[in-house]
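Visitor: One predicted model, sequence on top.
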Amino acid sequence: MEYRLIKISQLKEDQIKRLALLHHSAMHTLLSDLGLPFVWRYYQIAQVDPKVICFCAISSSGDVVGWVMGSPHPDRINAQLRSPISWFVLQMFRITLTRPIVLWQLISSVIFSSHHGDVKDGSIELTYIGVAKNQKRRGLGKTLLNAFIEESRARQYRSVLLSVERENLAAISLYEKAGFQVIATFSESRYRRHRMELTLV
């Protein structure tokens, strides 16, 4: 399949929704558990943040088949999910009624948050990378990762940081081949993770 990489700032609104749908189906994270409205809102916020680095792989038919995203301040994007407050309260009310376990997971992640996720000055956090099921093992993940690394280098970041579940051996292998090294191993709520870093300078 042919595709082209474009920055998130160049996506149209319907493509942002397609990106959110891909994330929601491909990523088993707390953000996905919160539901599609949160994922969609997350990428709407990211699209207008000039600090965000995000590339999307767009197929010839216009589908989003992969993406990579990061920010030097990922906590600020997460904080903006609470705005507007009326929207946030409504979404949390729906979650409380339909999926209370997700609400507990959210509270648990706040209580058991680790300092290992902190982003030091001069670094950028790679928060998400994923590809559609029909694009796995075709090299797209490597292409997206390399694009992110090169853009991070062009913006003069000193390193790229990320956290990855210890059981995700395929992702760990991809990162190690790109030069990332494990700098810490930690537990956070129900997750067991490696903290990895790639030095750029």
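Guide: That came through fine.
Visitor: CA only for contacts and neighbour counts going forward, please
Guide: Noted.
Visitor: Just the C-alpha atoms of the helix or strand encompassing S187, please, in PDB.
Guide: Secondary structure from DSSP states H and E places S187 in strand 181-188. The C-alpha trace of strand 181-188 is given here as PDB (Å, rounded to 0.1, in the frame of the first residue of the first chain):
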ATOM      1  CA  GLN A 181      18.200   2.300  25.700                       C
ATOM      2  CA  VAL A 182      16.300   1.300  28.900                       C
ATOM      3  CA  ILE A 183      17.100   3.800  31.600                       C
ATOM      4  CA  ALA A 184      14.600   2.600  34.200                       C
ATOM      5  CA  THR A 185      12.000   0.000  34.900                       C
ATOM      6  CA  PHE A 186       8.900   0.800  37.000                       C
ATOM      7  CA  SER A 187       5.300  -0.100  37.900                       C
ATOM      8  CA  GLU A 188       2.500   2.400  37.600                       C
END
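Visitor: Now do the same for that strand: mean pLDDT, whole number.
Guide: Strand 181-188 carries an average pLDDT of 87.
Visitor: just how off-centre is it within its chain?
Guide: 18 Å (Cα atoms, centre = their mean, to the nearest Å).
Visitor: Who does that strand pair with, and is each partner parallel or antiparallel?
Guide: Using DSSP bridges, strand 181-188 pairs in its sheet with strand 191-199 (antiparallel).
Visitor: Least confident secondary structure element in this structure?
Guide: helix 100-111 (a mean of 60; mean pLDDT, DSSP states H and E).
Visitor: Now do the next helix or strand after it and strand 191-199, the angle between them.
Guide: With elements assigned by DSSP H and E, the helix or strand that comes after helix 100-111 is strand 123-131. Angle, strand 123-131 to strand 191-199, by axes from the mean of the first three to the mean of the last three Cα atoms, to 10 degrees: 120 degrees.
Visitor: Give the other helices and strands that strand 123-131 contacts.
Guide: Under the contact definition 3 or more Cα pairs under 8 Å, 6 or more residues apart in numbering; DSSP states H and E, strand 123-131 sits against helix 13-26, strand 64-71, helix 140-154, strand 159-165.
Visitor: relative orientation of the first one and strand 123-131 in degrees?
Guide: It stands for helix 13-26. Using the same axes, to 10 degrees: helix 13-26 against strand 123-131 is 80 degrees.
Visitor: Put the alpha carbons of the helix or strand following helix 13-26 into PDB.
Guide: Downstream of helix 13-26, the first helix or strand assigned by DSSP H and E is helix 30-34. Only the C-alpha atoms of helix 30-34 are listed here, as PDB (Å, rounded to 0.1, in the frame of the first residue of the first chain):
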ATOM      1  CA  LEU A  30      -6.400   4.600  29.400                       C
ATOM      2  CA  LEU A  31      -7.100   7.300  26.800                       C
ATOM      3  CA  SER A  32      -8.800   4.700  24.600                       C
ATOM      4  CA  ASP A  33     -10.700   3.300  27.600                       C
ATOM      5  CA  LEU A  34     -12.100   6.800  28.300                       C
END
